[in-house]
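Enquirer: prediction below, plus the sequence it came from.
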Amino acid sequence: MIYRYFGGLDGLMKAYYKQNPPVVQLPRIDPEQFKGATIEEIMEASCEYMLLDFRLLRQNIQTLEYLRADLLAHSEKHTNPMADKLEQETHDIVETMSGMVSSEYGRSVSAIMISALRLLTFMSQDKRTLMGIDLGTDEGWAQIEQAVRRIFYGLALAANETHANNQNLLMTSATRQTSSKVL
């Protein structure tokens, strides 16, 4: 019957997602609002956006189940349109924000952070404890959120240091060129 009506399991899944789309409530980041912003401001906004995304995800059981299904049953033949759309939107945001802070590691850092937070979110749904933190409680998630903020603070410091080092290299190079022309 599945093949007759939907052309296979992939068709059935696409029809299901089309009929029952998960609610994704988070507004997209507008890169224009960060023109002229400092690295700290961009990193803080990125952090708060990510935390808000995961707060909403923890409350959205349907979306959590879609993502869990994609994680457990992912294959090239049977794609999860919701997960693919979320992946593309996240990729676009990360590329934009990484460009603003001149970070070559934006995608890899984001992949680690998103993967870790998704796993913790799945664990919270099962009311699990990790490293003594009760992930099923708001207090446990407050600890996780504070740790994520510290990580983003450290990323901002590293980005500032890299930016300063690059500026120093440019200044040194320009000074050498000027000195060699004088001689």
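Expert: Looks like it came in fine.
Enquirer: what number of residues lie near Glu139?
Expert: Look at Glu139: counted by other C-beta atoms under 10 Å, it has 9 neighbours. C-beta coordinates here come from the backbone N, C-alpha and C atoms, glycine included.
Enquirer: next, it: phi, psi?
Expert: phi -60, psi -40 (degrees, to the nearest 10).
Enquirer: distance of it from Gln125?
Expert: 17 Å (C-beta to C-beta, to the nearest Å).
Enquirer: neighbours of Ala116, just the number please.
Expert: 14.
Enquirer: which parts of this structure are strands?
Expert: 129-130, 133-134 (DSSP state E).
Enquirer: partners of the last one, with directions?
Expert: Pointing back at strand 133-134 there. Strand 133-134 has its sheet partners listed here by DSSP bridges as strand 129-130 (antiparallel).
Enquirer: on that earlier part again, which one of the strands of the chain is the most hemmed in?
Expert: strand 133-134 (a mean of 17; mean count of other C-beta atoms under 10 Å).
Enquirer: what residues does that strand touch?
Expert: Lys127, Gly140, Gln143, Ile144 (C-beta atoms under 8 Å, 6 or more residues apart in numbering).
Enquirer: same question, stretch 137-146
Expert: Contacts of stretch 137-146 (C-beta under 8 Å, 6+ apart): Leu51, Arg55, Arg58, Leu117, Leu120, Ser124, Thr129, Ile133, Asp134, Leu135.
Enquirer: for the last one, grab phi and psi.
Expert: The main-chain torsion angles of Leu135 are listed as degrees, to the nearest 10 and equal phi -70, psi -10.
Enquirer: identify the residues contacting it.
Expert: Neighbours of Leu135 in contact, by C-beta under 8 Å, 6+ apart: Leu120, Met123, Ser124, Lys127, Arg128, Thr129, Trp141, Ile144.
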